[in-house]
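>>> I would like to see how this sequence folds:
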Amino acid sequence: MFWVMGLLLLLTFLSGCAPSMTTERWFFQKPGMTDAQRKQDQRECLSDSIDPVGPIRMAEFIHLDRQSYEECMKRRGYALRIER
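All right, here's what the predicted structure looks like:
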């Protein structure tokens, strides 16, 4: 019984240390755009926003300039929406 109480106390302690799980959904909206058109614009903006750092290998991370991506989408008439 003592180990059950210890386990519960440990789980309670660890849950207090965990980061709060807020669910946010970020997306770009533009009236009158189809899903296919939006995805095409996103692909183009993502491609333009990748920071080239030499030859890309599968094991390397690709750096995305988020600000550049957001600006590209806004230039195309999209508005950033955040749902919480």
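
>>> Do a quick rundown of the helices in this structure.
Here the chain has its helices, by DSSP state H, at 2-17, 35-49, 66-75.

>>> Not counting its own residues, what contacts the shortest one?
Outside of helix 66-75, the residues within contact range by CB atoms under 8 Å, 6 or more residues apart in numbering are 28, 41-42, 44-46, 48-49, 80. Backbone N, C-alpha and C define where each C-beta goes, glycine included.

>>> and those as JSON lines, adding distance to L64 and pLDDT?
As requested, the contacts of helix 66-75 are exported to JSON lines (distance: CB to CB, whole Å; pLDDT from 0 to 100):
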{"residue": "F28", "distance to L64": "15", "pLDDT": "92"}
{"residue": "D41", "distance to L64": "16", "pLDDT": "95"}
{"residue": "Q42", "distance to L64": "12", "pLDDT": "93"}
{"residue": "E44", "distance to L64": "14", "pLDDT": "93"}
{"residue": "C45", "distance to L64": "10", "pLDDT": "92"}
{"residue": "L46", "distance to L64": "7", "pLDDT": "88"}
{"residue": "D48", "distance to L64": "10", "pLDDT": "87"}
{"residue": "S49", "distance to L64": "6", "pLDDT": "87"}
{"residue": "L80", "distance to L64": "15", "pLDDT": "92"}
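
>>> Can you add neighbour count and distance to T34 and give the residues you listed back as a markdown table?
Output for those, formatted as a markdown table (neighbours: other CB atoms under 10 Å; distance: CB to CB, whole Å):
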| residue | neighbour count | distance to T34 |
| --- | --- | --- |
| F28 | 19 | 14 |
| D41 | 18 | 11 |
| Q42 | 17 | 13 |
| E44 | 13 | 15 |
| C45 | 20 | 17 |
| L46 | 15 | 18 |
| D48 | 12 | 21 |
| S49 | 18 | 22 |
| L80 | 11 | 19 |
